[in-house]
Each structure stands twice: as structure tokens, then as C-alpha cells.
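Colleague: My questions are about this predicted structure, shown below with the sequence.
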Amino acid sequence: MQKTMLHGRELAYREAGAGEGKPTLLLIHGMAGSSRTWRELIPRLESNFHIIAPDLPGHGESSLDFDDYSLGAMASALRDLLVVKGIKRCTVAGQSLGGGVALQFVYQYPDFCERIVLIGSGGLGKEVNWILRLLAVPGAELLLSAGAAPFLVSAGDKARGFFSGKGVRAVALEEPWAAYESLGRSGHRRTFFKTLRAVVDNKGQAVSANNRLHLAGQLPFQLIWGDRDPIIPVSHGHTTHDAIPGSRLAIVEGTGHYPHVEDPAAVERILREFMEVTEPGLIDHETLSGFVTAGDDQDSALRDS
């Protein structure tokens with residue numbers, strides 16, 4: 001882990017594979033997560049790619065006192081990190097909430113973007129797991145404070161340690177448990193609710209990128225989804241793929257919301273092939289201006305699906 005100061009606040013990040021001529025991958029984790037979610041993927045990719053994997057503001061080891069946890073503010077923090085690192089262009093890859101941040105990043109800072117990869121991404125449809133809808137309701141803080149009390153987290157850790165010692169490893173539960181552990185800390189819990197309510201309400205996902213996908217679709221576009229995703233339905237991947245000509249969709253069988261953890265070899269193959277067969281895209285200011293003022297046929301296609 002490394003840290004840098006952005007406007008007086010610390011942003012933590014992992015860096016691997018730095019080297020002349022390597023394409024840069026910006027890996028963006030999901031809600032209540034951290035850059036540790038990429039622990040299986042980074043060692044597989046660092047020989048060929050320069051990887052930057054930040055802890056989003058208020059997550060992981062980054063400062064908990066950022067003022068704004070909206071998608072736009074997180075995208076701005078990532079842009080600032082790239083500026084500090086001297087990185088001018090990259091492939092942007094985001095999982096879950098990180099996918100929504102990635103889409104917002106492409107919209108705000110298209111000059112930085114060469115390709116886009118979305119893994120079980122938010123922001124592509126209304127549906128989302130009922131637990132997140134419940135937690136978006138005012139007053140849910142009290143419920144979660146009790147549910148993620150330190151003694152419960154400690155008891156769960158002991159149980160996990162016992163079963164791990166017996167050789168039992170439930171890979172699919174590792175990321176949800178890491179998120180649960182983080183919510184046992186009051187600072188991270190406050191960040192979670194601020195972030196959640198910026199993108200989810202009691203009816204589902206409250207933020208949609210559908211009216212901007214026509215812009216992101218000008219870049220090489222890869223969708224990756226677990227066929228058993230219980231958080232964001234795989235149908236969002238199919239609908240988005242159908243609406244963006246030339247996009248690629250890979251379904252990782254037997255995985256849920258974290259295919260990069262549950263089957264990192266499959267996700268590695270998908271990413272390597274995508275990077276090898278596509279050329280870096282470029283959204284120039286003329287293209288951006290045209291899409292801002294033009295009619296949105298892809299938005300209509302998504303609404304009709």
C-alpha cells in the first residue's frame with residue numbers, strides 16, 4: 001500500500017507492474033470494499049500491465065473525512081491520483097459501485113480513458129439486492145450498528161478461523177465478509193451509508209448511466225458478470241451489451257458478484273484477450289460535444305429492453 005495527499009486528505013492505493021511501455025489498468029473496487037479485492041488478480045496481470053488500484057475515499061486505508069462520496073467526487077479523486085502519478089491514459093475497470101464510478105470517470109474525464117471494463121457493475125438498471133434497498137431507508141444505521149457489533153464480528157472471525165484450519169475455504173463469502181467487517185467500524189459505517197444513499201434508495205438503484213452509455217460506447221467496452229450474481233442481476237449485462245454495438249460480454253459461470261475473486265483465472269483470460277484484441281480508444285472534445293447535443297438512440301434502446 002502507498003498513500004498520497006489529495007487536497008489535504010490521504011488516498012491509499014496499490015501499485016504494481018510499473019514499467020516503460022506497459023498499458024495502465026485503473027482497478028476500482030465496490031462499496032464497503034477496498035483495493036484488497038484485487039489481491040488474486042494483480043499478481044496475474046502485473047507482468048504485462050501497470051496497475052493502479054486505489055482505496056476509494058472513505059474506504060480501506062484512505063481517509064474517512066472526505067466531504068463528498070458521490071460518484072462524481074470519487075471520479076475526481078481518481079483523476080487527481082492519476083495526475084499525481086503522471087498517468088495520462090488508462091483502461092478503467094470497475095466492479096459493482098466501482099463500475100458506476102468508472103462510467104462517471106469516463107464521462108467527466110474522457111481524455112484519460114482508453115478502454116472500459118465493467119464487472120457486475122452498478123448504474124446499468126434499477127434492480128439491486130433487497131438488503132441494499134433496506135439499508136438505504138432512514139434509520140437503518142441503528143439496525144446495522146447492532147448487526148455489525150464488534151462482538152459479532154469477532155465471533156464470526158473465530159468461526160472462520162476454525163473452518164479455515166479444517167481446510168474449508170468459502171471463496172464466494174470472502175468479499176461479503178470483508179465488507180461486513182469494515183461496517184463494524186463506525187467511521188467506515190458512516191462512509192458506507194453516505195455512499196449507499198448517493199446511489200440507492202428504497203426502490204432500487206437511484207443513479208443510472210444509461211443516458212451516457214452512448215459516450216462510453218465509443219471506447220472498447222468489456223462487460224464481465226457472474227451468472228449467479230445475487231446483488232446486481234446478470235440481465236443488466238445482457239441489456240447493456242445489446243444496446244452498445246461492438247461491446248463484449250463475458251459470463252463467468254459458477255460465480256456470483258465477485259468473479260475476479262471466485263474465478264480469477266477466468267477473469268484474467270477475459271482481460272488479457274480484451275486488451276490484446278482491442279486498440280486504445282480516444283474520445284476527443286469534438287466527439288464529446290457531438291454526443292452531448294445529439295439524440296440518444298442507445299438510451300431509448302435500453303429503456304425499451
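Modeller: Ah, there it is.

Colleague: Tell me where this protein has helices.
Modeller: 42-45, 71-85, 97-108, 130-135, 140-147, 150-165, 171-183, 186-199, 213-216, 235-243, 259-262, 264-277, 285-293, 297-304 (DSSP state H).

Colleague: Quickly, which of the ones you listed bottoms out on average pLDDT?
Modeller: Mean pLDDT is lowest for helix 150-165 among these, at a mean of 40.

Colleague: Look up the closest residue to the residue most central in space within the chain, ignoring the ones flanking it.
Modeller: The chain has residue 98 as the residue nearest its centroid, 1.9 Å off, counting by CA atoms, centre = their mean. Ranked by CB to CB, 6 or more residues apart in numbering and with sequence neighbours excluded, the top spatial neighbour of residue 98 is residue 28, at 3.4 Å. Heads up, the C-betas are built off the backbone N, CA and C, glycines and all.

Colleague: Repeat that for residue 14.
Modeller: Excluding the flanking residues, the one nearest residue 14 by CB to CB, 6+ apart is residue 53, at 4.3 Å.

Colleague: ok, that neighbour - how many residues close by?
Modeller: Residues contacting residue 53 under the criterion other CB atoms under 10 Å number 25.

Colleague: what does residue 265 give?
Modeller: Residues lying near residue 265 (other CB under 10 Å) number 11.

Colleague: repeat for residue 15
Modeller: Applying other CB under 10 Å, we find 17 residues neighbouring residue 15.

Colleague: re the thing from before, gap between the residue nearest to residue 14 and residue 230?
Modeller: As judged by CB to CB, to the nearest Å, residue 53 and residue 230 stand 24 Å apart.

Colleague: Equivalent analysis for residue 266, please.
Modeller: Using CB to CB, one gets 19 Å for the distance from residue 266 to residue 230.

Colleague: what's the answer for residue 130, then?
Modeller: Note on residue 130: its distance to residue 230, by CB to CB, is 10 Å.

Colleague: Likewise for residue 217?
Modeller: Counting by CB to CB, the gap from residue 217 to residue 230 is 28 Å.

Colleague: ok, the two, which is more surrounded?
Modeller: More crowded of residue 217 and residue 230, by other CB under 10 Å: residue 217, with 20 against 12.

Colleague: Spatially nearest residue to that one, not counting backbone neighbours?
Modeller: Per CB to CB, 6+ apart, closest to residue 217 is residue 244, 4.1 Å.

Colleague: got a pLDDT number for the one you found?
Modeller: Looking at residue 244, its pLDDT is 93.

Colleague: what do you get for residue 119?
Modeller: You'll see residue 119 listed with a pLDDT of 98.

Colleague: That one contacts residue 93, correct?
Modeller: Yes: in this structure residue 119 lies within contact range of residue 93 using CB atoms under 8 Å: 7.0 Å.

Colleague: Show me which of these two is the more surrounded one.
Modeller: With neighbours defined as other CB under 10 Å, residue 119 and residue 93 compare such that residue 119 has more, 30 against 27.
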